[in-house]
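With the sequence up front, the predicted model follows.
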Amino acid sequence: MKTITDEVIKEHGLSAEEYRNIVKTLGRDPNLLELGIFSVMWSEHCSYKSSRVHLRNFPTKGPYVLQGPGENAGIVDIGGGLAVAFKMESHNHPSFIEPYQGAATGVGGILRDIFTMGARPIASLNSLRFGSPENPRTAYLLEGVVAGIAGYGNCIGVPTVGGEVYFNDSYNGNCLVNVMTAGLLRKDRIFRGTAKGAGNPVIYVGSRTGRDGIHGATMASDVFGEGGEERRPTVQVGDPFAEKLLLEACLELFKTDFVIGIQDMGAAGLTSSSVEMASRGNMGMEIDIDRVPRREEGMTAYEVMLSESQERMLMVVRKGAEEEVKKIFRKWDLEAEVIGRVVEGNSIRIFEGGATAAEIPVASLTDDAPVYNRPAKRPSSQDSINRLDLKSIPEPSDYNETLLRLMSSGNIASKEWIYRQYDHMVRTDTVVCPGSDAAVIRIKGTDKALALTVDCNSRYCYLDPFTGGAIAVAEAARNLVASGARPIAITDCLNFGNPEREEVMWQFAEAIMGIREACLTLGVPVIGGNVSFYNETSGVSIHPTPTIGMVGLVEDINCRATQWFENDGDLIALIGENSAGLGGSEYLKIVHGREAGLPSIDLRNEKRVQEACLKAVRECIIVSAHDASEGGLAVALAEACLNPKGDLGAEVKIDAGGLRADDLLFGEAQSRIVVSLKEKDLDRLKGVCASAGASVSVIGRVTGGELKINGLIKIPVSAVGKAWRGALRGILKK
Amino acid sequence: MKFGIIVFPGSNCDHDCYHAVKHVFGQDAEYVWHKDTSLKGFDCVVLPGGFSYGDYLRTGAIARFSPVMNEVTAFAKKGGLVLGICNGFQILTEAGLLPGVLMRNSGLKFICRHADLKVENASTVFSSSYKKGQVVSIPIAHADGNYFADDTTIKRLEDGDRIVFRYSAPDGQVTMDANPNGARANIAGIVNEAGNVMGMMPHPERASEAELGSTDGSGVFESILKGFLT
């Protein structure tokens, strides 16, 4: 066997100090298998060693929460005996190396996280980040990632109902692929990843183990340099058909009372699933490596334990139920093999050829894994990027042209080219399809529905990670209330650069505190999530991107709204107030080439605006609701005109209140929602806003075929639609 | 009326078809496992959409060998009603119950959206609730919906009035612009010669409830029920 040299330790991504700790824990040098197990369990990806001290700041409790962070997915109670499990995860590093498989297996992984809890997956979303449209790799990555998500999600039959896509230079060397899935389950039938009861068998089900994805978790815990493509062998290959069988077989099994605990084999495969289950159950576990089904001959114990082959689950079942469990899997043409058992004690022991090949105390791999409170420092460049002198920004001479430029920016343009490749209607529950502020999924047999969204503006986070983090939460919640849903919980996917850089740790710590602040003010807890560090290539970090996935509850499916104007003659009103907001705006970047200034938000005001909007939608006072975000009020109004059922025009007159014209039209001041309503309902809207303490003003009327704003903009909606709809295709042709 | 919904490994619209038949149209419905060897007691058999066996080979090419397909063939020969939707249509062509084949979309990408369809024949047992020439909006969701058959077969389909749905513009014009996938003659759905087996790429079960944005697909189920009751 390979001797453990300094070189081998380094290859495993362990520091000299971490290795000393391993020796201390074991009271001896580890063998290579043990070193491999430590290396993946102590990797950033599995151990959260740099993030853990900060993640503790999240509020995780709330009236709806049945399962908070620490499990495969969080779970919320939606009433009527039903619950929803959801979670978001990243697959950034693999997707940059091999976009199709990287993205596909990301979807596969998050689906397993959901159904392992006992839930049937009912909807998926994704949040994607690519480099600048001019970057030659951008189109290739975008096409591959979208095809991968479609290939996996469509095949398994879980609708992909929403998401977001942004382009920015900072992602040239690291794209982001964050995928979220929600599943429905009965609240009295929750399954968890725990190993209990000495003597109970440990069963392996699903695809056989191959040599793919070995050290995927370690790869995801390192920066890229030149030649990152050479890491292609660490990317797994997905088989959505196998996962579909696994899903149906597991859901069938969950109807029985055989299962004690179950967990998917995701990052770090058999190692993390067995260790984490033993850890949660406070038990030991024995694995007979020879019994693990394999795809190829001659695999070592090391390879079997570290493989990240997809579509595999590990479960602990009641002793004596083995045959009946196997029978269910046989029906679905799947292999189920007893590979070990739960034992008393606190060690995980791996046997090969009857001899002990590895023996490690479970806690040393989980609770006692290293935790770092890494140094953090505000970057010295922060002051200069926060400086924005409006005098240096010339006002455009033609606002129609400026609007068209913004509408055809990749970050604002229609994403139809993407979501048309996703089956977003399968399961016949999608009542609001992709394109509106949030997707809405009905719950058959009830009057309820779920609204789902993912949000993050990483430019705000780059300029001010605290405020950017808070805005990500606020905007996600705003998208939900605009749809008529009360936000109930969050899953996050925190994508950052190299945590060993003080500046990155500062961004991370600040963003977390911003998210915390918004969660507390808006009353929405975090019930799970994922951290992806080391999104850095050749020394360049991505913009901090703490993506927020949020789920909201629509109590009565008949009272909801979409973002589009519906009827000629309706009034247009604005809930919230206009204020200066050019800092960090899309306008500033697209028209003036600057990423500068400061975003801002008053969370208390945000709360009032959201309360007012939610009430107005729930009481069917308003016809449509759309929040102003990237591109500001003008873009929000234009988007509201572009109803997929047919364009509508609008005539709008807004009190500038001392703002510059470009700030009024394109500034991204937060806490504003554009609504439309019947004139007769105006007094009711005013009443609702007054009681919530939110300001509201009538700003125009839905009419004609043009968008007219303050004599600054006057343009046929069809021209706006053409620019907006065709833009993404143009980017792909570059 | 009793519907059997066939479940192949990889079917993923089986629940949707069951829901439509059972809860929207109030009929008896049962799932039929692909290894089952009897279709006794069913009045109509539905082959739902999905990715049977992952569709890693030509779509439907493996599913046609599932044990239940012998029964589906026998059931069809005896005049039983068989409706294949999307992957179900693909399987029916592979099994030889319908002519032609569904190839990869001409744009090479999966397409999910509402499609306008012109009802070409409103006198089949699957379409009698529609009016001839009516344009309906029903979602499509497929990567392989590009219907192909040789000239003789297309002529036979046309002469026999066996093309039930064609992709069309909203005004009913059958144009290439309105063709989402390259299908020959804009074919979206056809019946067999006896008229008791229909395959269609669009998903009527996704357009049978107002909540989902369109009820234009309900005509397919209503037609089947109407035919059964009269």
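Nice, thanks for sending it over.

Can you list the neighbours in contact with stretch A:593-600?
A:385-388, A:393, A:457, A:459-460, A:462-464, A:467-468, A:471, A:581-585, A:588-589, A:668-670 (C-beta atoms under 8 Å, 6 or more residues apart in numbering or on different chains). Glycine gets a C-beta too; all of them are placed from N, C-alpha and C.

Now, those residues that are in helices?
A:385-386, A:459-460, A:462-463, A:467-468, A:471, A:588-589 (DSSP state H).

Buried among the residues you listed? Make that a ChimeraX selection.
Selecting only the buried entries of the ones in helices among the contacts of stretch A:593-600 in ChimeraX, with 16 or more other C-beta atoms under 10 Å in any protein chain shown as the criterion:
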select /A:385,459,460,462,463,467,468,471,588,589
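
May I see the ones in helices among the contacts of stretch A:593-600 arranged in JSON lines, with pLDDT as well?
Output for these, formatted as JSON lines (pLDDT from 0 to 100):
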{"residue": "A:Ile385", "pLDDT": "97"}
{"residue": "A:Asn386", "pLDDT": "97"}
{"residue": "A:Arg459", "pLDDT": "98"}
{"residue": "A:Tyr460", "pLDDT": "98"}
{"residue": "A:Tyr462", "pLDDT": "98"}
{"residue": "A:Leu463", "pLDDT": "98"}
{"residue": "A:Thr467", "pLDDT": "98"}
{"residue": "A:Gly468", "pLDDT": "98"}
{"residue": "A:Ile471", "pLDDT": "98"}
{"residue": "A:Leu588", "pLDDT": "98"}
{"residue": "A:Lys589", "pLDDT": "97"}
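
got a pLDDT number for whichever residue of the stretch 51-200 of chain A sits closest to chain B?
Minimum separation of the stretch 51-200 of chain A from chain B (C-beta to the nearest C-beta) falls at A:Gly157, amounting to 2.5 Å. We have a pLDDT of 97 for A:Gly157.

doesn't B:Pro9 make contact with it?
No - assessed by C-beta atoms under 8 Å, A:Gly157 is found out of contact with B:Pro9, at 11.9 Å.

shared neighbours of the two, anything?
Common contacts of A:Gly157 and B:Pro9 (C-beta under 8 Å, 6+ apart): A:Lys244.

and A:Arg129, what helix or strand is that in?
Using DSSP states H and E, A:Arg129 sits in strand A:120-130.

list the helices and strands the very next helix or strand once past that strand packs on?
Scanning forward in sequence from strand A:120-130 by DSSP H and E, the next helix or strand is helix A:136-156. Using 3 or more C-beta pairs under 8 Å, 6 or more residues apart in numbering or on different chains; DSSP states H and E, the elements in contact with helix A:136-156 are helix A:92-97, helix A:99-115, strand A:120-130, strand A:160-167, strand A:176-186, helix A:240-253, helix A:717-733.

try it again with 6 Å
Packing contacts for helix A:136-156, counted by 3 or more C-beta pairs under 6 Å, 6 or more residues apart in numbering or on different chains; DSSP states H and E, involve helix A:99-115, strand A:120-130, helix A:240-253.

Dump these to JSON lines, plus distance to chain B, mean pLDDT and mean neighbour count.
Converted to JSON lines, the helices and strands packed on helix A:136-156 look like this (distance: least, C-beta to the nearest C-beta, whole Å; pLDDT from 0 to 100; neighbours: other C-beta atoms under 10 Å in any protein chain shown):
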{"stretch": "helix A:99-115", "distance to chain B": "12", "mean pLDDT": "96", "mean neighbour count": "28"}
{"stretch": "strand A:120-130", "distance to chain B": "9", "mean pLDDT": "98", "mean neighbour count": "26"}
{"stretch": "helix A:240-253", "distance to chain B": "3", "mean pLDDT": "97", "mean neighbour count": "23"}
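
what's the closest of these to A:Asp663?
Of all the helices and strands packed on helix A:136-156, strand A:120-130 sits nearest to A:Asp663, with 26.8 Å by C-beta to C-beta.

So what angle separates the directions of that closest one and helix A:136-156?
Strand A:120-130 runs at 170 degrees relative to helix A:136-156, counting by axes from the mean of the first three to the mean of the last three C-alpha atoms, to 10 degrees.

Helix A:717-733 and strand A:120-130, what's the angle between them?
Going by the same axes, to 10 degrees, strand A:120-130 makes 80 degrees with helix A:717-733.

So which residues make contact with strand A:120-130?
By C-beta atoms under 6 Å, 6 or more residues apart in numbering or on different chains, the residues outside strand A:120-130 that reach it are A:111, A:114, A:138, A:141-142, A:149, A:153, A:158-167, A:171, A:175-184, A:441, A:452, A:454, A:547.

Pull up the pairing partners for it, direction included.
Take DSSP bridges as the rule and strand A:120-130 pairs in its sheet with strand A:160-167 (parallel), strand A:176-186 (antiparallel).

got the CA positions of the shortest one in CSV?
Below are the C-alpha coordinates for strand A:160-167, written out as CSV (Å, rounded to 0.1, in the frame of the first residue of the first chain):
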residue,chain,number,x,y,z
THR,A,160,-38.4,22.6,-13.5
VAL,A,161,-40.7,25.6,-12.7
GLY,A,162,-38.4,28.5,-12.2
GLY,A,163,-35.1,30.0,-11.7
GLU,A,164,-32.7,32.9,-12.5
VAL,A,165,-29.8,33.4,-14.8
TYR,A,166,-27.2,36.1,-14.6
PHE,A,167,-24.1,37.0,-16.5
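
For that strand, give the mean pLDDT please.
Mean per-residue pLDDT for strand A:160-167: 97.

need the strands for chain B, in chain order.
Here chain B has its strands, by DSSP state E, at B:2-7, B:28-33, B:44-47, B:81-85, B:101-103, B:111-119, B:135-142, B:146-148, B:163-167, B:187-191, B:197-200.

Throw the ones you listed into CSV and include mean neighbour count, thanks.
Listed next are these as CSV, based on neighbours: other C-beta atoms under 10 Å in any protein chain shown:
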stretch, mean neighbour count
strand B:2-7, 24
strand B:28-33, 16
strand B:44-47, 28
strand B:81-85, 27
strand B:101-103, 21
strand B:111-119, 22
strand B:135-142, 24
strand B:146-148, 22
strand B:163-167, 25
strand B:187-191, 29
strand B:197-200, 28
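
Next, count neighbours for the residue lying closest to A:Val161 once chain neighbours are set aside.
Excluding its sequence neighbours, the residue lying closest to A:Val161 (C-beta to C-beta, 6 or more residues apart in numbering or on different chains) is A:Ala439, at 3.7 Å. Using other C-beta atoms under 10 Å in any protein chain shown, A:Ala439 has 30 other residues around it.

List the contacts of A:Ala439.
The contact partners of A:Ala439, taken as C-beta under 6 Å, 6+ apart, are A:161-162, A:432, A:452.
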